[in-house]
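In: My questions concern the predicted model and sequence given below.
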Amino acid sequence: MSRHKLVKALDLDEELDDFDGGTEPGYDDEVSADDKEQLRLGTIKVRDILGEDAGIPDKEIEDSLWHYYYDIDKTVNYLLSQKTNSQPKKSKKKKAGDREAKATDFFKDSPWLNILKERCGEILIEPLYPRGGLLGGSSKQDGAPKSKLAALAAARKKKENQILEDGQNATSSVALLDKLGAKSRRSKADTRSSSSSLNPQSVPSGQPKNIQTRKYPIRKPQNEDVSPAEPSAEAAPAAPGPLPSSELEVKPEVTPAATPSVFARTIFGTPAKSHEPVFQSADSYVSQASESHTEFNFAGPSPDDIVTKAQNTKGSAPKAAKQLAPLANGNKSVNGVTQGVSEVDIEDTKIRGKNLDVLAEFEKSKPKNAANFVVIGHVDAGKSTLMGRLLYDLKVVDQRTLDKYRKESERLGKGSFALAWVLDQGTEERNRGVTIDIAMNKFETENTSFTILDAPGHRDFIPNMIAGASQADFAVLVIDASTGNFESGLKGQTKEHALLVRSMGVQRIVIAINKLDTVQWSQDRFDEISQQVSAFLTSAGFLSKNLAFVPCAGLTGDNIVRKADDPKASWYLGPPLISLLESSEPVTRALEKPLRLTIDDIFRGGVQNPLSVSGRLDSGNVQIGDTVLVMPAKEAGAIKGLEVDSDPVEWAVAGQNVILHLAEIDAKYLKSGDVICPPSAPIQCVTSFKVKVLAFEHIIPMHCEVHKGRLHALGRVTQLIAQLDKASGAAIKGKKPRLIKPGSVARVVVEVDDPVPLEQGGRVILRAGGETVGAGLVE
Ligand SMILES: Nc1nc2c(ncn2[C@@H]2O[C@H](COP(=O)(O)OP(=O)(O)OP(=O)(O)O)[C@@H](O)[C@H]2O)c(=O)[nH]1
């Protein structure tokens, strides 16, 4: 029997939300009747395999069954190895070796007890940018740069000051910066297609307007199948600079990292390799930058450094942002962090905003309904194709672009992926025919402004899927209806994705039963799949009224934006997918709460904006001129510019996807997953927290990864405080639990190595050994 049981009857609202915890921890540790029966049946099966004369007492068999969660094969293997090892030993050395083998054998199926040290690093997703001072790496100690790359940056800055003192003219550097092609990383798709061959009358009343698309960069998580991209840090030794290359940090080979960005390549001198730019229109940018970097003198200050410095000097603006007091004596407590923040006197920013009443402005603006939806489902269910079709039929993507994709994909022998290429823009994604990271695209209908978050279906990229789902208001679950594929998908990521989005608070889900062309639009097949999926989703905590099913074929466009053409589909009288999307409820915005923005991406927003971050405003509001705090670095900075959906604006409110152009803060204090908040109401950073967790797998004290949006932290479940009653949420009295079974709810303590910004009510996902083991609410 596998340990990986399916989780049934999980009503997360009931189990996680609707109770305020029990009184005292406790758990009835006695073996339940169910367990006893499993042990009895298991013992019979093990005896059958081992034979009656094996000479192993029942107790030993039961212990092994208990350890292996009743897995017969593992139990038999273990008992056989025990038996072999208990033979008389020939020598002392052999004895020691046997003991070691026995222990290794015993734990070989317990991944959390057998994690190689180097794998601990592997399970984190590397940010797109190289860490260590230039970008990323928000944690710092005693104000000193952490890595040698940071030292390289510091040395460069020192030299830059020298040059400025010598009266070097910054103007030429601006020109050089222009030459380096510091363009916006965003690509705007052609919003007005004139040449679409599709039937324009078929587009429903909700015609798209003012449509923009944006592709997020590819992050690359651990994945054995994917040929590892060149780790970003590897580029460092090649870069000339004050430090000898041997002294620079080189990441271990086991840590696959994202391909260096154009910016990183420019700075570090790594030649652009097989990876194409992430954005549609960035080809010229890459070649320009690649050419330029060869002429750039790395020993001197970077053009941006010079420009920024010159700007600061000109405006006689002293550094407004201050480094906040480090944690006193390494005190890692929540209070320590908060106190550290409150003790710091943050100077007012020199950037002058209009000091608007943002909430009043928001009310005045009569905002359009906005919704983010995440597209989830098993690998190859047709998610990207479906979204590509949606964008094409809505004329977000024009005919010429699609023809180009068709030609290129056919050349690679992947002609059927042409529509998926609208979203999958990374070279590796296209070569392999799989989505690796969230692709973000926008489109508007008459009533609503939508943001699509196309998630990868492959199990190796679940962390990226989690990042996308954390920003979603509702989900579109895509199911491959073709023979055999629905069944394998259900066992695979269909269920896991659905459980994950529910755990992250998503309540509404549109189910696109896709590829119905492959089963001749069989109504029976549609009904069979709808019933099974509906049963699972309601058991996972979705209300029936929040489920909507549509039979469709992304490849042909039937029932996506227009009704199906195929006469075999005439039995379906309901609306196409676009109408179901449009019926989504308006987003509830946490306008009154303090500002919280989890950083999704950090990039160079252009010549005027050397440091920009993107993300969704979880709560509160911001405006130009605001001073903000970045946690956990505890660094303050100022907002010098703002964009909402790629348009420059004065202010932004919760629920909007924004780009903040920052000033008076160094990029080295920022990384994906960090939180931007007001200095007056900073988010707490913790190294230990209690979680009310719903177990997807067995949970014992074990190593795990903590995921919250783009935040990933290595940690451990250190205590199982109590198992909780699923109905009342009260702690079950008795001894502390030894393990939490799948489907149970428990209160556990999780510790992480470095402080992470987390607050009560935050939803986290716990993963271990590449599996999602639980989801919970931070208490
Ligand atoms: N016959 C048929 N094939 C489809 C349909 N939709 C997608 N496909 C094919 O299914 C394959 C996978 O499509 P993708 O869109 O890449 O699937 P995906 O779910 O985005 O894949 P990942 O993001 O990598 O998980 C491609 O070959 C598509 O052409 C459909 O409606 N009918």
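Out: That came through, no problem.

In: Can you give me the separation between Val358 and the ligand?
Out: 37 Å (C-beta to the nearest ligand atom, to the nearest Å). From N, CA and C alone the C-beta is placed, and that goes for glycine too.

In: Hmm, Ile624 and that residue touching each other?
Out: No: the criterion here is C-beta atoms under 8 Å, and Val358 misses it with Ile624 at 10.7 Å.

In: quick one: common contacting residues for those two?
Out: Shared contacts of Val358 and Ile624 (C-beta atoms under 8 Å, 6 or more residues apart in numbering): Trp651.

In: Compare those two and say which one has the larger neighbour count.
Out: Just comparing Val358 and Ile624: by other C-beta atoms under 10 Å the higher neighbour count belongs to Ile624, 23 against 18.

In: how close does the more buried one sit to the ligand?
Out: According to C-beta to the nearest ligand atom, Ile624 stands 38 Å off from the ligand.

In: how about stretch 446-459 against the ligand, any contact?
Out: Yes: interface with the ligand: stretch 446-459 contributes Pro456, Gly457, His458 (C-beta under 6 Å from any ligand atom).

In: From the residues you listed, which one has the minimum pLDDT?
Out: Between the residues of stretch 446-459 next to the ligand, the one the model trusts least by pLDDT is Gly457, at 72.

In: Double-check that one against Gly382; I have them as touching.
Out: No: contact criterion C-beta under 8 Å: Gly457 and Gly382 do not qualify, at 9.4 Å.

In: Enumerate every residue touching Val76.
Out: Val46, Ile49, Leu50.

In: Nearest to Met504 among those?
Out: Relative to Met504, the closest of the contacts of Val76 is Val46; by C-beta to C-beta it sits at 40.5 Å.

In: which residues touch the closest one?
Out: Ile61, Ser64, Leu65, Ile72, Thr75, Val76, Leu79.

In: what about the first one, distance to the ligand?
Out: So that's Ile61. As judged by C-beta to the nearest ligand atom, Ile61 and the ligand stand 42 Å apart.

In: pLDDT on whichever strand or helix holds that residue, on average?
Out: Here Ile61 is covered by helix 58-67, with elements defined by DSSP states H and E. For helix 58-67, the mean pLDDT works out to 82.

In: The helix or strand following that helix versus helix 58-67: what angle between them?
Out: For helix 58-67, the following helix or strand on the C-terminal side (DSSP H and E) is helix 72-85. Here helix 72-85 runs at an angle of 130 degrees relative to helix 58-67 (axes from the mean of the first three to the mean of the last three C-alpha atoms, to 10 degrees).

In: buried sites along helix 72-85?
Out: Ile72, Lys74, Thr75, Val76, Asn77, Tyr78, Leu79 (16 or more other C-beta atoms under 10 Å).

In: ditto for stretch 395-410
Out: Within stretch 395-410, the residues that count as buried by 16+ other C-beta under 10 Å are Lys395, Val396, Val397, Asp398, Thr401, Leu402, Tyr405, Ser409.

In: any idea how far the ligand is from the residue lying closest to Leu423 once chain neighbours are set aside?
Out: Distance criterion C-beta to C-beta, 6 or more residues apart in numbering; nearest residue to Leu423, sequence neighbours excluded, is Ala439 at 4.1 Å. According to C-beta to the nearest ligand atom, Ala439 and the ligand sit 9 Å apart.

In: Which strand residues bridge Ala439?
Out: On the basis of DSSP bridges, Ala439 is bridged to Asp454.

In: Can you get me a residue count around it?
Out: Neighbours of Ala439 under the rule other C-beta under 10 Å: 30.

In: Pro594 now?
Out: 15.

In: ok, now Glu52?
Out: Counted by other C-beta under 10 Å, the residues lying close to Glu52 total 7.

In: quick one on the thing from earlier: confidence score at the residue nearest to Leu423?
Out: Looking at Ala439, its pLDDT is 76.

In: Check the one 5 residues further on too.
Out: Turning to Glu444, the model gives it a pLDDT of 86.

In: shouldn't it be in contact with Phe450?
Out: Yes: counting by C-beta under 8 Å, Glu444 touches Phe450, with 6.9 Å between them.

In: List the contacts of the residue of the chain found nearest the ligand.
Out: Here the chain gets closest to the ligand at one residue, Gly457, 2.5 Å apart by C-beta to the nearest ligand atom. Contacts for Gly457 (C-beta under 8 Å, 6+ apart) come out as Ile376, Gly377, His378, Val379, Asp380, Ala381, Lys383, Val434, Thr435, Met465, Gln493, His497.

In: Is it possible to mark the buried ones in these?
Out: Burial by neighbour count, 16+ other C-beta under 10 Å: within these this picks out Ile376, Gly377, His378, Val379, Asp380, Ala381, Lys383, Val434, Thr435, Met465, Gln493, His497.

In: Closest one of the residues you listed to Leu724?
Out: His497 (25.3 Å).

In: State the three-state secondary structure for the residue of the chain closest to the ligand.
Out: Three-state call for Gly457 (DSSP: H, G, I helix; E, B strand; the rest coil): coil.

In: With adjacent residues omitted, what lies nearest to it?
Out: Leaving aside its sequence neighbours, Gly457 sits nearest to Val379 (C-beta to C-beta, 6+ apart; 3.8 Å).

In: what's that neighbour sitting at in phi/psi?
Out: With angles defined as degrees, to the nearest 10, Val379 sits at phi -60, psi 140.

In: What of the one 5 residues further on?
Out: With angles defined as degrees, to the nearest 10, Ser384 shows backbone torsions of phi -70, psi -40.

In: What residues does the protein have near the ligand?
Out: 377, 379-385, 416-417, 420, 433-435, 456-458, 514-515, 517-518, 553-555.

In: can you put the contacts of Val76 in JSON lines and add pLDDT?
Out: Formatted as JSON lines, the contacts of Val76 follow (pLDDT from 0 to 100):
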{"residue": "Val46", "pLDDT": "85"}
{"residue": "Ile49", "pLDDT": "82"}
{"residue": "Leu50", "pLDDT": "81"}
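
In: So which of those residues is the closest to Gly637?
Out: Of all the contacts of Val76, Gly637 sits closest to Val46, with 62.6 Å by C-beta to C-beta.

In: what's the domain layout of the protein?
Out: 34-87+102-115, 247-293, 303-343, 368-582, 596-677, 685-778 (automatic domain parsing).

In: quick revisit: what residues sit buried inside the helix holding Ile61?
Out: For helix 58-67, a neighbour-count test (16+ other C-beta under 10 Å) marks Glu60, Ile61, Glu62, Ser64, Leu65, Trp66, His67 as buried.

In: Please consider this matter closed, and thank you.
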